[in-house]
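Asks: Task: produce atomic coordinates for the following.
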Amino acid sequence: MDVVALHEFVVRTGRSWGEVTVVDASATGPRHALNVCRARSAVLVSGADPAELARGLAGWRRTLVVQDDRELSTVDPADAVVRRWQAPGPVLCLAETTFGPVVDGWALPDDDFAHRSDGLVAVAEVRALALSRLAPRPGVLVWDVAAGPGAVGVECARLGAAVIAVERDPVQCVRIIANASAHGVDVRVVESALADAGDLPRPDAVYVGGGGADAVRRSATSGARRVVVATADLDRVVPARDALDEAGYQVEGTQLSAARLTGGALLATNPVTVLWGTKKS
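Replies: Residues are numbered from 1 along each chain as shown. Modelled structure (predicted):
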């Protein structure tokens, strides 16, 4: 559909052209368009099947405005899946609140995230390396597994990715929601261990905090092209490496040991080993 027709559709929905992200699913592919809808608050999608788009939005709080044979219909995604569409045109996907990545740097200071008093958060140096290997961007989906307060997931969302944070601690889940809200992004939170999380949509990249062997093995079979594991426990490094290697990933890694300038003195942070696996072609 041409830009003039899309602009007319947006005006008819009561929105302004400047507040929507425009995606052509026929050009970028349906997964790319779906992940943009998962990450942004107002997305105009052309060339997509409304039912297929709605099916992929299960778990995200969204409303769809669909042009069907010149008529506008506002529907919940669950209703859009089962509705008979006659001649569907563009779809406007809307979130309940306004958000969207506004990036002013990354690897933000640790204190920019609410976290436990014992400092259990992926520190900025680890996040900087993890983000470079996860490659978050618009159109991709990232899992943040054993997410803790969700610092990595929130940073991925700030860079435009759709994000699912999987965390079994309910207190940490509250922190993830608070951190996402504070940074103006949307992160879907699944309060569960990855083993019990059910059927999650296939990710493009996965970050595993803590390096737990079961979480790494399950992440390695998710279909993600990239898996990044961070752990301060040396006993978890070899099992994590082996799990990624056995799943067909090319594995690399490094141990980060930073010293921060604090009050005129350099204070060492705890060493953390970061592994990253890239799916072999």
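
Asks: burial measure for residue 255, as a count.
Replies: A count of nearby residues for residue 255, using other CB atoms under 10 Å, gives 12. Heads up, the C-betas are built off the backbone N, CA and C, glycines and all.

Asks: Can you check the pLDDT for it?
Replies: Looking at residue 255, its pLDDT reads 95.

Asks: how about it, secondary structure?
Replies: The three-state assignment at residue 255 reads strand, by DSSP: H, G, I helix; E, B strand; the rest coil.

Asks: From residue 245, how far out is the closest residue to it other than its chain neighbours?
Replies: The shortest distance from residue 255 to any non-neighbouring residue, by CB to CB, 6 or more residues apart in numbering, is to residue 273 (4.7 Å). As for residue 273, its distance to residue 245 is 15 Å (criterion: CB to CB, to the nearest Å).

Asks: Of those two, which one has the most company?
Replies: Between residue 273 and residue 245, counting by other CB under 10 Å, residue 273 is the more crowded of the two (21 against 14).

Asks: Would you confirm that that one contacts residue 237?
Replies: Yes - using CB atoms under 8 Å, residue 273 makes contact with residue 237 at a distance of 5.1 Å.

Asks: Overlap of the contact sets of those two?
Replies: Listed as contacting both residue 273 and residue 237 by CB atoms under 8 Å, 6 or more residues apart in numbering are 211, 231, 253.

Asks: need the residues you listed in TSV with neighbour count and distance to residue 94, can you?
Replies: Converted to TSV, the shared contacts of residue 273 and residue 237 look like this (neighbours: other CB atoms under 10 Å; distance: CB to CB, whole Å):
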residue	neighbour count	distance to residue 94
211	25	38
231	20	39
253	18	42
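
Asks: now, among the residues you listed, which is nearest to residue 108?
Replies: residue 231 (21.5 Å; CB to CB).

Asks: mind listing what the closest residue to the closest one other than its chain neighbours touches?
Replies: With CB to CB, 6+ apart as the criterion, residue 231 has its nearest non-adjacent residue at 2.9 Å, and that residue is residue 211. Residue 211 sits next to 229, 230, 231, 233, 236, 237, 240, 273, 275 when contact means CB under 8 Å, 6+ apart.

Asks: Just the ones in strands from those residues, please.
Replies: If you go by DSSP state E, these have 229, 230, 231, 273, 275 in strands.

Asks: Can you convert these into CSV and add a column each for pLDDT?
Replies: Shown next, in CSV, are the ones in strands among the contacts of residue 211 (pLDDT from 0 to 100):
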residue, pLDDT
229, 98
230, 97
231, 96
273, 96
275, 98
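
Asks: Make TSV from these and add distance to residue 80 to it.
Replies: Converted to TSV, the ones in strands among the contacts of residue 211 look like this (distance: CB to CB, whole Å):
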residue	distance to residue 80
229	37
230	38
231	42
273	45
275	40
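
Asks: Sort out which one of these lies nearest residue 175 for me.
Replies: Within the ones in strands among the contacts of residue 211, proximity to residue 175 (CB to CB) peaks at residue 230, which comes in at 17.9 Å.

Asks: Okay, and the beta partners of the closest one?
Replies: With DSSP bridges as the criterion, residue 230 is bridged to residue 209, residue 274.

Asks: what sits against it?
Replies: Counted by CB under 8 Å, 6+ apart, residue 230 has contacts 122, 126, 130, 207, 208, 209, 210, 211, 272, 273, 274, 275.

Asks: again, only using 10 Å
Replies: Under the criterion of CB atoms under 10 Å, 6 or more residues apart in numbering, the contact list for residue 230 reads 122-123, 126-127, 129-130, 146, 152, 207-211, 236, 240, 253, 256, 272-276.

Asks: Same check on residue 164?
Replies: 38, 59-60, 141-145, 147, 153, 187-190, 197, 200-201, 203, 206.

Asks: Report the next helix or strand after the helix or strand hosting it in sequence order.
Replies: Assigned by DSSP states H and E, residue 164 belongs to strand 162-167. With elements assigned by DSSP H and E, the helix or strand that comes after strand 162-167 is helix 170-182.
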